[in-house]
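S.K.: Curious how this folds, go ahead:
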Amino acid sequence: MFLISFLLFVAAGINDVLVNNIIIVGPLLAHYGIFMMFLFQSISIARNFSLGFVEAETLARQVTQKNEELEGTKQELTILNERLEEKAKEKTFELQSKLDQINKDLKLAKSIVQSLTLIPELEPFLKISVLYKPLADVGGDIYFVKKIQDGYVRVFLCDATGHGLQAALYTMMIQSEFERLNLVATRPNDLLYYMNQHFYDKNAELRIYFPAVVVDFDFSQNLLKFAGAGTQNQIIHKQNGEIVVLENTGPIVGILEQFRFGITDVKFEAEDRLFLFTDGIFEELNEMDGTAALEELVDLIKETRDLPLENVTTYIKDGLFQKMQKTVWKDDVTCIVFEIGNFLFTSA
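M.R.: Next up is the predicted model:
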């Protein structure tokens, strides 16, 4: 459009130059050329403005449409967020309810385990001090002290698998089997034999394996009877300072069929002390070298000879923390100290 108007203007100008120089005869057309150029330019501007206005209206409609779509999407997202919040609240409430139930079950399990580990009155035969630190509310370590009859006491200590509810369930099963067999097993190794056979037969389904220690105190003969199933060597600290090592007498419970466990008999005297413990102490001292860990523990035990019994486990705990350079355990820890009473002197 601009090119046409410009060409008309130039043609009119050339025409006027030729007429003025009497080269051709005709009217002057320059003013018509200017008019036509302005006319065409006005039409072009008006047309471009009209197209721009139409395009602006189209864009405005598109923007409005997009805004409406965005607003709809926003409303959908708002509804979706509200639903998600409701779902999240429902799930949070559901999880909290389950967590509360689990905590309730753990508290019940803890109270049951505590009731099972109650120690009967054993004086003047025995005095007992216990260091029991489960990693969770309910740990895998469990012990029973039973007075079979006057002058005869049986101790059972084991380390069941896991912590929390799993450990509580295993503990209940072990305790049930212990109570069933305790009165029929006349010796510690017999009890381990019967328990081993029971769990071996059940382990196709349950897969419960655990180390255990059984000790009988026969005060009529001043005799200690010991049997161990997959445990660390246990320690007797004699009144004269001598250390007697009670070596393990068989594999862990539930792993070998019809295994006959060995038994160790040791004469005891007044104020002799028996130290029973689970592997948590060894893992704290030296997880890679059991021999070195036992030596360190024996050194600690020797230092307690002149301490009152009630201070022995505290001294051992503080000594372990000092050696480990920390103040928390990484596994269940149990250490039970038995001191032979002075009744022996009066009965002699």
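S.K.: This protein: strands as residue ranges?
M.R.: Assignment of strands within the chain using DSSP state E yields the ranges 126-133, 141-149, 152-159, 212-218, 223-229, 234-237, 243-246, 264-267, 273-277, 333-340.
S.K.: List the buried residues in the longest one.
M.R.: By 16 or more other C-beta atoms under 10 Å, the buried positions in strand 141-149 come out as 141-147. Just so you know, the C-beta spots here come from the backbone N, C-alpha and C atoms, and that holds for glycine as well.
S.K.: Just the residues contacting it, thanks.
M.R.: With contacts defined as C-beta atoms under 8 Å, 6 or more residues apart in numbering, strand 141-149 is touched by 113, 116-117, 119-120, 122, 128, 130, 132, 134, 153-160, 171, 174-175, 178, 182-183, 216, 276, 278, 280, 332-334, 336.
S.K.: contacting residues around the closest residue to I336 other than its chain neighbours?
M.R.: Closest residue to I336 apart from its sequence neighbours, by C-beta to C-beta, 6 or more residues apart in numbering: L276 at 4.7 Å. Taking C-beta under 8 Å, 6+ apart as the contact definition, L276 lies against 143, 155, 157, 213, 215, 234, 334-336, 338.
S.K.: Pull out the buried residues from those residues.
M.R.: Buried members of the contacts of L276, scored by 16+ other C-beta under 10 Å, are 143, 155, 157, 213, 215, 234, 334-336, 338.
S.K.: Show me which of those residues is closest to D16.
M.R.: Nearest to D16 among these: T334, at 122.3 Å, using C-beta to C-beta.
S.K.: M324 versus the closest one, what's the distance?
M.R.: Distance, T334 to M324, using C-beta to C-beta, to the nearest Å: 17 Å.
S.K.: and if you look at T58?
M.R.: Plainly put, T58 is 78 Å away from M324 if you go by C-beta to C-beta.
S.K.: Neighbour count for the two, which is higher?
M.R.: Neighbour count, other C-beta atoms under 10 Å: between T58 and M324, M324 has more, with 14 against 10.
S.K.: Show me what the nearest residue to V266 once chain neighbours are set aside bridges to in the sheet.
M.R.: Spatial nearest neighbour of V266, excluding adjacent residues (C-beta to C-beta, 6+ apart): L224 at 4.6 Å. Beta-bridge partners recorded for L224 (DSSP bridges): F217, V266.
S.K.: And for F226, the neighbour number?
M.R.: If you count neighbours by other C-beta under 10 Å, F226 ends up with 24.
S.K.: looking at it, it is touching N189, isn't it?
M.R.: No: applying C-beta atoms under 8 Å, one finds F226 not in contact with N189, separated by 9.0 Å.
S.K.: joint contacts of these two?
M.R.: Counting by C-beta under 8 Å, 6+ apart, the residues touching both F226 and N189 are 214, 249, 263.
S.K.: hmm, back to that, redo the contacts of L276 as JSON lines? Include pLDDT and distance to E242.
M.R.: Shown next, in JSON lines, are the contacts of L276 (pLDDT from 0 to 100; distance: C-beta to C-beta, whole Å):
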{"residue": "Y143", "pLDDT": "91", "distance to E242": "25"}
{"residue": "V155", "pLDDT": "96", "distance to E242": "21"}
{"residue": "L157", "pLDDT": "95", "distance to E242": "23"}
{"residue": "V213", "pLDDT": "97", "distance to E242": "21"}
{"residue": "V215", "pLDDT": "98", "distance to E242": "18"}
{"residue": "Q234", "pLDDT": "95", "distance to E242": "15"}
{"residue": "T334", "pLDDT": "89", "distance to E242": "24"}
{"residue": "C335", "pLDDT": "91", "distance to E242": "20"}
{"residue": "I336", "pLDDT": "94", "distance to E242": "20"}
{"residue": "F338", "pLDDT": "96", "distance to E242": "16"}
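S.K.: Quickly name whichever of these is closest to V17.
M.R.: Distances from V17 to these, taken by C-beta to C-beta, are shortest for T334, at 122.4 Å.
S.K.: quick one, what contacts that closest one?
M.R.: Shown in contact with T334 (C-beta under 8 Å, 6+ apart): 130-133, 141, 143, 157, 159, 276-278, 280.
S.K.: Can you tell me which of these is nearest Y193?
M.R.: Of all these, Y193 sits closest to L157, with 17.1 Å by C-beta to C-beta.
S.K.: didn't the closest one look like it was pressed against F226?
M.R.: No: in this structure, L157 is not within contact of F226 by C-beta under 8 Å, at 11.3 Å.
S.K.: any common contacting residues for these two?
M.R.: Shared contacts of L157 and F226 (C-beta under 8 Å, 6+ apart): V213.
S.K.: ok, the nearest residue to N311 once chain neighbours are set aside - how many residues close by?
M.R.: Distances taken as C-beta to C-beta, 6+ apart put T304 closest to N311, at 7.7 Å, once the chain neighbours are dropped. Other residues near T304 number 20, with proximity taken as other C-beta under 10 Å.
S.K.: how near is T304 to C335?
M.R.: Note on T304: its distance to C335, by C-beta to C-beta, is 11 Å.
S.K.: now the shared contacts of F226 and N189 as TSV including pLDDT?
M.R.: Below are the shared contacts of F226 and N189 laid out as TSV (pLDDT from 0 to 100):
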residue	pLDDT
V214	97
T249	96
I263	97
